[in-house]
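In: give me a model of this one.
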Amino acid sequence: MFRRTFWFTAGAAAGVWATTKVNRKIKQLTPESLAAQAADKAIVAGHKLKDFALDVREGMVRREAELGEALGLEAADPRELPPARRPAVEAADADPHPAPATYRKLPYHSYNRNEDH
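Out: Model (predicted):
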């Protein structure tokens with residue numbers, strides 16, 4: 001009698017355990033859950049990529065300073081802008097106030113069959 005009760009209880013417990021395990025797995029495989037998992041992994045990958053880019057930039061700045069020191073170059077203030085460039089040849093009839101550029105407005109039909117649609 002006790003033997004049958006023991007095995008009945010053990011079977012019921014195993015059935016409950018297996019049912020909850022399967023239900024959890026089913027909930028993990030729903031489209032919403034998969035989308036959330038993918039979004040979380042994308043965010044983590046983005047943070048890792050950002051950290052990598054910051055490390056690379058830091059290394060570039062450090063190496064540039066080392067090279068500048070080794071070559072005896074004086075580092076310019078990065079906040080200063082270089083002087084404005086002047087055209088080599090200035091046009092004699094250049095309009096000091098050119099008209100703003102005109103752009104095509106949508107919808108426009110180009111009739112170009114090679115254009116992506």
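In: where along the protein do the helices fall?
Out: All helices of the chain, identified by DSSP state H, fall at 2-28, 31-71.
In: compare those and give me the one nearest Pro83.
Out: Nearest to Pro83, of all the helices of the chain, is helix 31-71, at 21.2 Å by C-beta to C-beta. For every residue, glycine as well, the C-beta is placed using N, CA and C.
In: the inter-axis angle of the closest one versus helix 2-28?
Out: Angular relation of helix 31-71 and helix 2-28 on a 0 to 180 degree scale: 60 degrees, by axes from the mean of the first three to the mean of the last three C-alpha atoms, to 10 degrees.
In: just for this structure, where's the confidence low?
Out: Applying pLDDT under 70 to the chain flags the ranges 75-78, 82, 87-117.
In: CSV for the helices of the chain, including mean neighbour count?
Out: Listed next are these as CSV, based on neighbours: other C-beta atoms under 10 Å:
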stretch, mean neighbour count
helix 2-28, 10
helix 31-71, 10
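In: mind putting those helices into TSV with distance to Glu80?
Out: Output for these, formatted as TSV (distance: least, C-beta to C-beta, whole Å):
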stretch	distance to Glu80
helix 2-28	56
helix 31-71	16
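In: for Arg79, find the nearest of those.
Out: Distance to Arg79, taken as C-beta to C-beta, is lowest for helix 31-71 among these, at 14.7 Å.
In: quick check: which helices or strands does that closest one pack against?
Out: Contact analysis of helix 31-71 by 3 or more C-beta pairs under 8 Å, 6 or more residues apart in numbering; DSSP states H and E lists helix 2-28 as its packing neighbours.
In: which elements pack onto the helix it packs on?
Out: Contact here means 3+ C-beta pairs under 8 Å, 6+ apart; on that basis helix 2-28 packs against helix 31-71.
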